[in-house]
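Visitor: fold the stuff below for me.
(chains A, B and C)
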Amino acid sequence: MTTYTDPPKESFRLSMLLYDTRYRSMTIQIIALMGFMLLAAWLINNTIQNLAALGKPIQFGFFTDAAGYDINQHLLEYDNQDTHLRASFIGLINTLIVAAMGCVTATIIGVMVGVLRLSRNWLVAKIMTVYVEMFRNIPVLLWIVLSMAILIESLPMPSAFRGEDPAATMKIFDSVALTNRGFYVPEPLFSRSLGDIHLFGQSSLRMDVSLDFLAFLIVLGLSIFAARKVTARAEAIQNATGVRPTTWYINLGIIVIPTMILLIALGFHLGYPELKGFNFSGGIYMRNSLIALWLALSLYTAAFIAEIVRGGILAISHGQTEAAAALGLRQGRIMRLVVLPQALRVIVPPLISQYLNLTKNSSLAIAVGYFDITGTLGGVTMNQTGREMECMLFLMLIYLIISLLISGVMNLYNNRVKLVER
Amino acid sequence: MSEHSFVRTEMLPEQAPPATSIGVIGWMRENLFSGWLNSTLTVLSILFIYYVLSGVIPWTFQSVWNAGSLTECREIMNATWGDTHHACWAVIKDRWLQLLYGFYPPYPAYPSATVSTPPPEGWLPSYFRPNLALILLFVALAPVLFGRVPRQLLVVTAAYPFLMPWLLWGGTLWVPVMTAVGFALLFGIAKYGQSTLGALGSIIAAAVVALVWWLFLSGPVAGLFADIIPIRLPVVESRAFGGFMLSILIGVVAIGISLPIGIVLALGRQSDLMIVKTLCVGFIEFIRGVPLITLLFVASVLLNYFMPPGTNFDIIMRVMIMVTLFASAYMAEVIRGGLAALPKGQYEGADSLGLNYWQAQRLIIMPQALKISIPGIVSTFIGVFKDTTLVSIIGLLDPIGLSQSIRANQEWNGIYWELFAFIALLFFICCFGMSRYSMWLERKLQTGHR
Amino acid sequence: MKKTVFLGALTVAGLTAGVAGAATLDDIKARGKLNCGVTTGLVGFAAPDANGEWQGFDVAVCRAVAAAVLGDASAVEFVPTTGKTRFTALSSGEIDLLARNTTWTLSRDVDLKNEFIGVNYYDGQGFMVSKSLGVSSAKELNGATVCIQTGTTTELNLADFFRANDMEYEPVPIETNAEGQQQYLAGACDTYTTDASGLAATRATFENPTEHVILPEIISKEPLGPLVRHGDQEWGDIVRWTLNALIAAEEFGITSANIQDMASNGTDSPEVNRILGTEGNLGEMLGLEADWAVKAISAGGNYGELFEKHIGENTPVGLARGLNAQWKDGGLLYSPPFR
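Guide: Presented below is the predicted three-dimensional model:
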């Protein structure tokens, strides 16, 4: 006969913290946390001591002092009497501009190159391979410096446009000037402008938003929304009757006519650049530092994107293309309707990290003198004020926020296109 | 009655395909001119290639190799071709040693001696040290990278982390040897002390003994040995490092050290322990979220503030630390990918064998995960190697930094393309070679898993 | 983990105690080397040659100090610094002395906790333009594109100058002098502005220097001098008086050629004897050997010799003495008495 004894009384012994799997993970975690906190405390303590010894305790008051330096490219109003914080904000906007422009062009070039690498034309495929290998295997810093040098050395200087028989002329109906100081392109102007709205008062984040532009965006958005409705209706009719009504001209009209009316109402015209004094004036001035950075970053990143796209396309099983071909679809349509939509799922996650890389690489702007946030906050401001600790902390924080935002947005998209398996 | 009066009884001999579909012409029709779109593309490509080559080839090959300065170069060009649109490779000829080795002293024992004026005793220029370190690196890596290499070479792999610093920095051989002895003690006690001290006891004992050895004993013992058997290389300060040697060194050290850190971080990120996981994720995301250049700024202006007052690393050491941290975050992600790619059955199989966490990791998971991750590790290395050029922005003399100081020199002021072309070529060769290797490996590994 | 710990051990070996604020001199003596911050490269002032030897006017100051302190002009470790890293390199103790054509300003002296120990070159910010531009005064530069080195006082001066004269300009920031030169020569900017000495040095290396002029306006005072950390007066004194010794040596006609002779035979001038250490105990007061100045001056020569050798009129840089002449010759160089 078996007697059931009570399980041995749980008496807690110290060694159980290590040998009992129930407690061990807790122990390890607490030790790790304590180690981390000790390390952090040690670092912070050292820093405070060192800074105190140097007589520069951490304080952010200098951000409200006048910056004293000029920033050549400022989308928002700025002069050298504005604060360091304002200068940093201008720099941040410049970072975002080049990053956004770079991401767009890198994607376009990357997709094109990626598709062309798979082209049946041997020569084209080889050229694309050479392009990809060249850009992937040479540091981006070198490309940035090189493209700057090429722009500076190969384009005419503004004075070459002067005189009776100028050595250089403006391109595209005298509207675009390509000089070695940058590109001047026509700017949109409105003779019956609605004016600007001022946001954020007098703070460092103040900005003027053009109401004309806003109105344009709103009208365009509404038109596109309406056009979508028409398309959806056409879809419904097609589903019901099998005949798709022709809608392209309705759509075109819906999109174009209201915007045209708005533009005419606002008195839209283009302001052309013209040579005045040392430089061109009027028009939009894209400095060559911006162009060099933009060009180098997009070409460099495009090489990586091309590989991602190629990999994504190759990952689509052959059966899909063959089935599409069997349906009688043409080559271009197979790519557009069958392969790319499926490949996107493979492509998007690494694409996100390429966008992130591009944004982070834009910090190399410093090499060509483009005033991005690294150039203003982490460059001139840090240097003129001598507040390395504060500037670097702030700079890293901003980059971290940008990175997290990009990956957050992209992950949302990623979740949307994710294959839902049944 | 059949109307066919003739039925062929034997097959006709095969006819040769039409001349337009075989040979060169056929290939061209197939691959270059199959349709008007393709033909246009081909013609455009040929024009493009011609345009590029007609610019680059004369510039590259109609060049000046022997000149003492850019002005002299230009004079020679004007005299020979009548214009100055030619490469002046003389600058590379003049400065290639500097571009490769930075200011690594050719004869560290004789500060005044130079390559052109060697000291009387006929010493070998000390450039053999970085060269040998590089060759040994390949020897050390061979058993890891290629399957068909004798396993005995793993001895070199184990010794390399101690040998490399000695070769580059110099000093007495006994310091690295004694450091290695510390590791031997660590592992010896941890492994063989288990029977007497128990698992935990042996690990603690090993750590204590090794620490005591490194902190208090290894120095004097090394000194003692150095007095008896003086094997030493002249000391070279790390400030003298530069050029490609610096790029490679930073890359190799960063990858070498970041591998173990990356493994730990990846395991931490995968683990169920909430706090450990949070710390690892925080670290990885922080490092991956900021640009390398800000980390390098930290190395150049802030790292000294984090250390106790009075300590002072030299800048190359600081840069190595930051680049290592940077690489470990990326490495952790690569290894996490490797871990995720392993079939779940492997984990379950390990569990069912009754292995504990560390045994499973060491014997089952890691060997496979690392093998899958090698291509990723190689591309991380390529990335880090390319990113080492950023150190020029904080004033270190890597190839790009050197190109600036070469240009600051009277003779070569105003020279750009030649230096950039040379640097780009070297980087291209290294990175392209590595990426080809990783592709080869990927193919090899792929067949292994099918 | 192998490499981690080992390199940790190695870094510990590489640790050099450089307690900020105390006994820099002892550290240098223990180390046997002077760590001297210089630019990453500026013609005539500091640039490495093909053998990796640093040469230049700023470099000569480092060498003189090393000679005075350690008796060996080659016992210098040159640390290239950028405009950004220079002050932190000094305050963190990575370098003992910064000789990197750095302008002496109040905020750098007081707020950044540096100690300027004198002026080795009196400079001013100027503009260089191409002759074909047809500009003869900086006041005519309204609307011009200006190349400017970032991280220096020049960008603040430039902003002030254009604001004071109510003119517009387009700044093109550049990192290094070499870059500025490239952009300027290609016409990517109308004018290049930096210290007049730098302009002259840059112009000297052009293919056709005569096509470029340096405009007469000097828009700022730029006293360039070596500096040390705040808080170690003794070390500051040593560097200050080494520089003064170089200047005084020129004033009293002590050259690298006759110094040995003067030192061994003595001279009639008591002040020269005091400098050379044959009379009095000035060296002892500084905590150095009696012949410290002899070593400093023999390292490369007196101020005038250094000037002639690196940036003077017979070098490609071709700078005139101008403000940097001795006070007797109408310049600003004026060493306090050695007494």
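Visitor: mind checking the SS state of residue 79?
Guide: Going with chain A. coil (DSSP: H, G, I helix; E, B strand; the rest coil).
Visitor: that was the other one, I meant chain C.
Guide: Quick answer, by three-state DSSP: C:V79 is strand.
Visitor: quick one: secondary structure of C:N35?
Guide: Per three-state DSSP, the local secondary structure of C:N35 is strand.
Visitor: what number of residues lie near it?
Guide: Using other Cβ atoms under 10 Å in any protein chain shown, the number of residues around C:N35 comes to 27. To be clear about C-beta, it is placed using only N, CA and C from the backbone, and glycine gets the same treatment.
Visitor: swap in C:T278?
Guide: 18.
Visitor: nearest to chain C: which residue in chain A?
Guide: Here chain A gets closest to chain C at one residue, A:M157, 3.1 Å apart by Cβ to the nearest Cβ.
Visitor: okay, now the unreliable bits of the chain?
Guide: Defaulting to chain A. A:1-12, A:16-19, A:418-422 (pLDDT under 70).
Visitor: the chain in question should be chain B.
Guide: For chain B (pLDDT under 70), the answer is B:1-4, B:111, B:121-123, B:199, B:446-450.
Visitor: same thing with chain C?
Guide: Judged by pLDDT under 70, the stretches of chain C that qualify are C:1-22, C:151.
Visitor: before we move on, the earlier item: quick one: residues contacting the residue nearest to the residue of chain A closest to chain C when sequence neighbours are not counted.
Guide: Excluding the flanking residues, the one nearest A:M157 by Cβ to Cβ, 6 or more residues apart in numbering or on different chains is C:G187, at 3.1 Å. Listed by Cβ atoms under 8 Å, 6 or more residues apart in numbering or on different chains, the contact set of C:G187 reads A:157-159, A:180, C:130.
Visitor: can you pick out the most distant pair from these?
Guide: A:N180 and C:S130 (13.8 Å; Cβ to Cβ).
Visitor: hey, where'd the helices end up in the stretch 101-250 of chain C?
Guide: Using DSSP state H, counting those that start in this stretch, the helices of the stretch 101-250 of chain C run over residues C:106, C:153-164, C:177-185, C:196-204, C:233-251.
Visitor: now tabulate the ones you listed in CSV and tack on mean neighbour count.
Guide: Below are the helices of the stretch 101-250 of chain C laid out as CSV (neighbours: other Cβ atoms under 10 Å in any protein chain shown):
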stretch, mean neighbour count
helix C:106, 7
helix C:153-164, 19
helix C:177-185, 25
helix C:196-204, 25
helix C:233-251, 23
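Visitor: what number of residues lie near the closest residue to chain B within the stretch 101-250 of chain C?
Guide: Taking Cβ to the nearest Cβ, chain B has its nearest neighbour within the stretch 101-250 of chain C at C:T205, 3.6 Å off. Number of residues near C:T205 (other Cβ under 10 Å) recorded here: 24.
Visitor: and the gap between it and C:V317?
Guide: 9 Å (Cβ to Cβ, to the nearest Å).
Visitor: then A:L189?
Guide: 50 Å.
Visitor: B:P13 now?
Guide: 86 Å.
Visitor: neighbour-wise, which of these two wins?
Guide: C:V317 (24 against 6).
Visitor: in contact with that one: list those residues for me.
Guide: Going by Cβ under 8 Å, 6+ apart, C:V317 touches C:43-44, C:197, C:200-201, C:204, C:310-311.
Visitor: going by distance to A:D208, which of those residues wins?
Guide: C:S197 (43.2 Å).
Visitor: wait, that closest one touches C:I311, no?
Guide: Yes - using Cβ atoms under 8 Å, C:S197 and C:I311 qualify as a contacting pair, with a distance of 6.8 Å.
Visitor: quick check: neighbours shared by the two?
Guide: Common contact partners of C:S197 and C:I311 (Cβ under 8 Å, 6+ apart): C:44-45, C:317, C:319.
Visitor: could you provide the residues you listed in JSON lines, with additional columns for distance to B:L339 and secondary structure?
Guide: As requested, those are exported to JSON lines (distance: Cβ to Cβ, whole Å; DSSP: H, G, I helix; E, B strand; the rest coil):
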{"residue": "C:G44", "distance to B:L339": "58", "secondary structure": "coil"}
{"residue": "C:F45", "distance to B:L339": "54", "secondary structure": "coil"}
{"residue": "C:V317", "distance to B:L339": "61", "secondary structure": "coil"}
{"residue": "C:L319", "distance to B:L339": "64", "secondary structure": "coil"}
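Visitor: flag every buried residue along stretch B:23-35.
Guide: B:31-33 (16 or more other Cβ atoms under 10 Å in any protein chain shown).
Visitor: next one: the closest residue to chain C within chain B relative to chain A, how far apart?
Guide: Of all residues in chain B, the one sitting closest to chain C is B:A408 (2.6 Å; Cβ to the nearest Cβ). In this view, B:A408 and chain A are 16 Å apart by Cβ to the nearest Cβ, to the nearest Å.
Visitor: number of nearby residues for that residue?
Guide: 27.
Visitor: just to revisit the earlier point, A:F173: which of the shared contacts of C:S197 and C:I311 is nearest?
Guide: Nearest to A:F173 among these, with distances taken as Cβ to Cβ, is C:V317, at 48.7 Å.
Visitor: who's the closest spatial neighbour of the residue of chain B closest to chain C, skipping the chain neighbours?
Guide: Per Cβ to Cβ, 6+ apart, closest to B:A408 is C:G41, 2.6 Å.
Visitor: angles on the backbone of that neighbour, please.
Guide: Dihedral pair for C:G41: phi 150, psi 110, per degrees, to the nearest 10.
Visitor: so what's it up against?
Guide: Contacts of C:G41 by Cβ under 8 Å, 6+ apart are B:404-409, C:47-48, C:80, C:176-178.
Visitor: residues in the stretch 251-400 of chain A within reach of chain B, list them.
Guide: Proximity of the stretch 251-400 of chain A to chain B, by Cβ under 8 Å from any Cβ of the partner chain, involves residues A:356, A:360-361, A:363-364, A:366-367, A:374, A:378, A:382, A:388-389, A:392, A:395-396, A:399-400.
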